[in-house]
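S.K.: A structural model of the following input is requested.
(2 chains)
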Amino acid sequence: MADNGDDDNQYRIKEGDYVVLKRGEIFKAVQIQPRKKVIFEKQWIFLDNAVGQLYSTTFEILSGGNLKPHELKDTASPLDAVETGTDNRNIVDDGKSQKLTRDDIEALKEKGLKGQDIIKKLVDNHATFGDKTEYSQVKYIKKKKKKYENTVMILKPSCRILAMMYHGREPGKICHLRYDTLAQMLTLANIHAGSKVLVFETCAGLVLGSIMERMGGYGSVIQMYPGGGPVRAGVENFGFPAHFHDTLHEFPICHVNALLAGTLDTSAKDPTAENTHEKQLNLAAEKKQNQPEAEEQGTPEEESMVTNTGDDAGQDVEKTEKDKLKEAKAQVKKLRLEEKQRKLAATAALLKGRNADGLVIASRFHPCPVLLGLLKFLSPSRPFVVYSQYIEPLIECFKKLKECGGTVNLRLTDTWLRHYQVLPDRTHPLLLMSGGGGYLLSGTTVATDHSKPAGSKQAEEPAPKRQKLEDTEG
Amino acid sequence: MSFVEYSDFIQDGDVAIIYLSHNNVMPVKVQQGAQTQTRYGVIRHSTDLIGQRYGSKVTCSKGWFHVLHPTPELWTVALPHRTQILYTTDIAFITMMLELKPGSIVCESGTGSGSLSHAILRTIAPTGHLHTVEFHQQRAEKVAEEFKEHRVDHLVTVRNQDVCKDGFGVTGVADAVFLDIPSPWDAVGHAKVAMKKHGGRLCSFSPCIEQVQKTCEALQDQGFEDISTTEVLLREYDVRTVSLPLPDFGPDPETTEEATPAAPPNHASISLKTTTLPREMPGHTGYLTFATKPRT
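M.R.: Residues are numbered from 1 along each chain as shown, chains lettered A, B, ... in the order given. Next comes the predicted model:
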């Protein structure tokens, strides 16, 4: 409980941090970079002044885009000493109640008037404000606050905040996965520290990042990816410490069948790597030729190269420089490819045991083949969850799984989410609610029963005969 | 076996989950020499369970079932109820909205039957801690026993006291507080004290809207921010194949047999893979109110 400087440090905004900007219900994920212009809600902002401040600080956006910590002025609320009416029977909505024009308001904004003061001016120039009921006045102020208050809060990213952000801002990027559905997935798949989880997602990395957050850097996460490389932009937004990335692996699904059949050759050199290697030797040889001083004799290979490349004596020193650069680049490329091969072999080793603890699928791909292909990597008695924006593909998955056996506790579900306004005498559900958040298919693997004839449906459990038996649990 | 770590083989002393059928699961305390009765016959622990893989099929005299490794989700549907419990749908939403993760320090009251407690422990392991308060002595003792059996007792402290009078027993340590008690507004002040100075998240679960109103007022008075109330409901779809008969309007005078070779002659119905919803579904569990404690 000691309140020392060190303790505070982890709660302070640092340069390079990934943060989330918030105003009302609008979120945006950005990285704190010096002198970088960031656009948020139609305003240009510089985040430099946020560095060193505490997370969850509210900032005012000054004209020019710089930030200043917002002081809550304890000035009189615009509602003090204002009369109120009883109902709206005499209020006519003729659009003429507000005396300030849009230009007037713009002028005030340009003068640098704070949001609070603009609202006071609006109230003062409102012809029928005093006729409104108290509730109506509060509602009016709230609405104007939303429009004119020029503040932004800087938050530390979390799964909750990022899931809400993506759903509100770019639902298409996350297959319209609503945040409560994501919450269900993380729990149903029993994501926890120390397990080995397989993920197949095309949700910009949001699902992957959420899983990593729940694993806290313990255990391992293997991202199975389609195409050329894993998409992980969303993971960056979480701002994980570097060591979290040690737990993250990837594996291309184009090699899944080979891995399952035991025919995946993870030691095979990439053909382009080989060519590069040879090219590199040639360049080294050329370079040797061009050196005025006699160099030490290298490996036998190099020696033979030297004799073979003949007599190109008299090449420019310039070319040597270019060759050196090419050589260096080729060396880097070679190392990178070797590293990639090594990682692939390591990931394949993680998968080969077919003892993963959980499987999460959330993509635009048809879930059925993805699920059937990846289920094989799970131990028995482990959960899996599949998300789909549409229900029909999951119906197919359900049917297929019932036919194949090997799973129990299959459930096809969706969740319904409703928000409430809670105010004295004004409590009710909000007027709009989310239409749909996608569907989930969840279940648990069991040991596959090889004695059962293929294609037989999982029979109804045999009818119990006699029941009168005492429980003799130890 | 533990509720926070997987293992592969069933051992003496484990708590395993017997999966009999959909919506029919029961917990079993595995013991050398013990027996358990089920609708399908007797389970002999020493031969049927100990040493077997989790996920194995066990055959009894009148049928078979599978043995599963315990998870908080299976525990929630299998546990013996001492009180009304929270189900996975609400638990999952609470977990995310309270931003729980490994290392989180959480305060909870009332513990009840421990449904949510197990889910929290799973999420905050191995470095977090749960301080849970239950004012009913027997329930407090029972749940402490279960935590020990489930090998999670090192992650949790159970206190038998009244949270509204005596608080959570800790100060300035919690990242998150959860309240599921009749008068949460009386515990808001204590929650604030238990939470870290830097701030944290709070959730209150109440079945009645009046409770929600009072709680929101208390949260506002105590300086909490981002106060929001939500409810989340689960819909479960029943997957089935149905057969829809086709009407017979009599032979079509316009077309000839050759023109429509595709139409099978005696096609009287269409088979359809679809879902149906149950006649009744859970329509309400409780309102979830979330808030953020700012830095104090």
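S.K.: going forward, measure contacts between C-alpha atoms and count neighbours the same way
M.R.: OK.
S.K.: just the closest residue of the stretch 51-200 of chain B to chain A, please.
M.R.: Distances between the stretch 51-200 of chain B and chain A by CA to the nearest CA are smallest at B:Gly55, namely 4.3 Å.
S.K.: just the pLDDT for that residue.
M.R.: Looking at B:Gly55, its pLDDT is 97.
S.K.: what segments of the stretch 51-200 of chain B are helices?
M.R.: For the stretch 51-200 of chain B, the helices defined by DSSP state H, counting those that start in this stretch occupy B:72-78, B:88-97, B:115-124, B:137-149, B:163-166, B:188-194.
S.K.: which one of these is the most hemmed in?
M.R.: helix B:115-124 (a mean of 26; mean count of other CA atoms under 10 Å in any protein chain shown).
S.K.: so it, near chain A or not?
M.R.: Yes - Helix B:115-124 reaches chain A (CA under 8 Å from any CA of the partner chain) through B:122-123.
S.K.: got a list of contacts for that helix?
M.R.: A:191-193, A:214, B:3-4, B:72-73, B:75-76, B:79, B:85-87, B:91, B:95, B:100-105, B:108, B:111, B:128-130, B:132, B:152, B:155-156 (CA atoms under 8 Å, 6 or more residues apart in numbering or on different chains).
S.K.: filter those residues down to just the buried residues.
M.R.: For these, a burial check counting by 16 or more other CA atoms under 10 Å in any protein chain shown picks out A:191-193, A:214, B:3-4, B:72-73, B:75-76, B:79, B:85-86, B:91, B:95, B:100-105, B:108, B:111, B:128-130, B:132, B:152, B:155-156.
S.K.: could you find the closest non-adjacent residue to the residue positioned nearest the centre of chain A?
M.R.: Centroid check for chain A by CA atoms, centre = their mean gives A:Leu206 as the closest residue, at 2.4 Å. Nearest in space to A:Leu206, with sequence neighbours left out and distances taken as CA to CA, 6 or more residues apart in numbering or on different chains, is A:Gly234 at 5.1 Å.
S.K.: using CSV, list the CA coordinates for whichever strand or helix holds that neighbour.
M.R.: According to DSSP states H and E, A:Gly234 maps onto helix A:233-236. Only the C-alpha atoms of helix A:233-236 are listed here, as CSV (Å, rounded to 0.1, in the frame of the first residue of the first chain):
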residue,chain,number,x,y,z
ALA,A,233,-2.3,-5.7,-36.1
GLY,A,234,-4.9,-5.9,-33.3
VAL,A,235,-2.4,-7.6,-31.0
GLU,A,236,-0.2,-4.5,-31.0
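S.K.: can you spell out which helices and strands pack onto that helix?
M.R.: Helix A:233-236 makes packing contacts with helix A:206-215 when contacts are defined by 3 or more CA pairs under 8 Å, 6 or more residues apart in numbering or on different chains; DSSP states H and E.
S.K.: B:Val158 and B:Phe135 touch, don't they?
M.R.: No - counting by CA atoms under 8 Å, B:Val158 stays clear of B:Phe135, with 10.3 Å between them.
S.K.: in terms of neighbours, single out the busier of those two.
M.R.: B:Val158 (21 against 17; other CA atoms under 10 Å in any protein chain shown).
S.K.: and for residue 177, the neighbour number?
M.R.: Here I'm looking at chain A. 27.
S.K.: actually, chain B is the one I wanted.
M.R.: By other CA under 10 Å, neighbour count at B:Val177 equals 28.
S.K.: what's the answer for B:Gln84, then?
M.R.: Counted with other CA under 10 Å, B:Gln84 comes out at 10.
S.K.: and it, its phi and psi?
M.R.: The phi/psi pair for B:Gln84 (degrees, to the nearest 10) reads phi -70, psi 140.
S.K.: from chain B, how far out is the closest residue in space to A:Val386 that isn't next to it in sequence?
M.R.: Take A:Val386 and drop its neighbours on the chain: the residue closest to it by CA to CA, 6+ apart is A:Ile361, 4.6 Å away. From A:Ile361 over to chain B the distance is 17 Å, taken as CA to the nearest CA, to the nearest Å.
S.K.: could you tell me the angle between the helix or strand in which A:Ile361 is found and helix A:206-215?
M.R.: In the assignment (DSSP H and E), A:Ile361 maps to strand A:358-362. Relative orientation of strand A:358-362 versus helix A:206-215 (axes from the mean of the first three to the mean of the last three CA atoms, to 10 degrees): 150 degrees.
S.K.: for strand A:358-362, what does the pLDDT average out to?
M.R.: Mean predicted lDDT for strand A:358-362 stands at 98.
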